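Asks: I'll drop the sequence and a predicted model, then ask my questions.
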Amino acid sequence: MNMLSAPERSSLVSGLAADEPALRDRLAERLQSVEQRLQERIARSADPRVTPLVGHLVATGGKRLRPLLVLLGAEFGNAESEGVVDAAVLAELVHVSSLYHDDVIDNADTRHGSPSANARWGNRRAVFAGDWLLAQAAQLACELGPHAVRMNSVTADRLVQGQMLELLGPDSGTAPLDHYFQVTAGKSASLIALSLRLGALQAGASDAYVDVLVEYGEQLGLAFQISDDLLDIGASASSSGKEPGRDVEAGVLSLPVLLALFGDEPGDGELRALLAAGPAAGTHPHRRALELLRDSPTLATAGAMMDDRLALARTALAALPPTPARRVLGSLCDFVAHRMG
């Protein structure tokens, strides 16, 4: 299994902590330890034929944002505490497992610029791989202690409920935008909040700091998903790791799509008709919908909603001491805001 090189893995750290060299070097070193532990976990399969499958998405990409958040959360306690690196591995295992399942549900062909596991091995084996990674995360949580077991189970519940809510759609009493944020809180924000909480608790941080980090993580996670929605519409395949417009073509109700479907912007009649037709309408209509979305004011509206969430995340950070770790978490808000350049 070919793991990505240290420079590729540390690019996010280098950018976020450019003005904090001591913290930057410490985080980069610990992320390498996380990478080694991940590789060891993947190699635990009883049958060596399984290893390439369960290690596929671990090896093919990702910036290791969730492990980084675990390490940053630990900076508000004793960052050298035993188990912090394993907590970072746990967070990444849960995240990667969800990608296997998402790709099967979305019938995705690529992930991080490489063939998805379901495209390469089929849906049944891809689902098995995601389940196996979740099992590894559960075992690791048991090794870390009751707090990790509890947080892992709560997060798994939120992830599954978020996915189920997305598939079921809003009920008659829930507004579409409220439903979107319920789904996003479960599928995206829960794991980012888990990462910060795991790191802080493993490092013995105070309850007050843990609560602040969780609030920051929930808001950052919502903003991160909105930025993903914007990337699907406006970014190139090379910058986003997947073909642009994939969510639009699949009929995913991302935030810009919801704003276009249920908003009152003048001149969006053609766009609403194309989006309402659903994925069965074919490729050409959705290419046209993508063009119209890129010119629609709904992108700016979604961007403003993302900025609101980032502002709440920054407000939460103000309750933490002005340490290098807090400054890096603030820089992460800037990173999310400007992912499309």
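Replies: In hand now; what should we look at? Residues are numbered from 1 along each chain as shown.

Asks: any idea where the helices of the stretch 101-250 of the chain begin and end?
Replies: With DSSP state H, counting those that start in this stretch applied, the stretch 101-250 of the chain shows helices at 117-121, 123-144, 146-168, 176-184, 190-202, 207-234, 237-240, 246-250, listed in chain order.

Asks: The fourth one: which residues count as buried?
Replies: Translated: helix 176-184. Buried residues in helix 176-184, counted by 16 or more other C-beta atoms under 10 Å: 179-184. Glycine gets a C-beta too; all of them are placed from N, C-alpha and C.

Asks: what's it in contact with?
Replies: 162-163, 165-166, 169-170, 174, 221-222, 225-226, 253, 255, 258-259, 261-262 (C-beta atoms under 8 Å, 6 or more residues apart in numbering).

Asks: Got a ChimeraX select line for the buried ones in the residues you listed?
Replies: Here is the ChimeraX command that selects the buried residues among the contacts of helix 176-184 (16+ other C-beta under 10 Å):
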select :162,163,165,166,170,221,222,225,226,253,255,258,259
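
Asks: coming back round to it: sort out which one of the buried residues of helix 176-184 lies nearest Leu312 for me.
Replies: Set against Leu312, the nearest of these by C-beta to C-beta is Phe181 (12.5 Å).

Asks: rewinding a little: with distance to Arg120 added, can I get the buried residues of helix 176-184 in JSON lines?
Replies: Below are the buried residues of helix 176-184 laid out as JSON lines (distance: C-beta to C-beta, whole Å):
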{"residue": "His179", "distance to Arg120": "33"}
{"residue": "Tyr180", "distance to Arg120": "31"}
{"residue": "Phe181", "distance to Arg120": "34"}
{"residue": "Gln182", "distance to Arg120": "33"}
{"residue": "Val183", "distance to Arg120": "28"}
{"residue": "Thr184", "distance to Arg120": "28"}
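
Asks: quick one: which of those residues is nearest to Leu274?
Replies: Among the buried residues of helix 176-184, and counting by C-beta to C-beta, the member closest to Leu274 is Tyr180, at 19.5 Å.

Asks: Tell me which of the helices of the stretch 101-250 of the chain sits most buried.
Replies: helix 190-202 (a mean of 28; mean count of other C-beta atoms under 10 Å).

Asks: Check which helices and strands it sits against.
Replies: Under the contact criterion of 3 or more C-beta pairs under 8 Å, 6 or more residues apart in numbering; DSSP states H and E, helix 190-202 touches helix 65-74, helix 84-106, helix 146-168, helix 207-234.

Asks: Distance from the chain centre to the last one, please.
Replies: Right, the one you point to is helix 207-234. 9 Å (C-alpha atoms, centre = their mean, to the nearest Å).

Asks: Next: stretch 44-61.
Replies: 21 Å.

Asks: which residues sit against it?
Replies: For stretch 44-61, using C-beta under 8 Å, 6+ apart, the contacting residues are 1-4, 38-39, 42-43, 92, 96, 99-100, 111-114, 117, 120-121, 125-126, 128-129, 132-133, 136, 241.

Asks: Export it to CSV, keeping only CA atoms.
Replies: Provided in CSV are the C-alpha atoms of stretch 44-61 (Å, rounded to 0.1, in the frame of the first residue of the first chain):
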residue,chain,number,x,y,z
ARG,A,44,-4.6,-6.1,10.8
SER,A,45,-6.9,-7.9,8.5
ALA,A,46,-6.7,-11.7,8.8
ASP,A,47,-6.7,-12.1,5.1
PRO,A,48,-4.0,-10.2,3.2
ARG,A,49,-6.3,-9.9,0.1
VAL,A,50,-8.5,-7.6,2.2
THR,A,51,-5.7,-5.1,2.9
PRO,A,52,-5.7,-3.3,-0.5
LEU,A,53,-9.5,-2.8,-0.2
VAL,A,54,-9.7,-1.5,3.3
GLY,A,55,-6.6,0.6,2.8
HIS,A,56,-7.6,2.1,-0.5
LEU,A,57,-9.0,5.4,0.6
VAL,A,58,-6.5,5.7,3.4
ALA,A,59,-3.7,5.5,0.8
THR,A,60,-5.2,7.6,-2.0
GLY,A,61,-5.8,11.0,-0.5
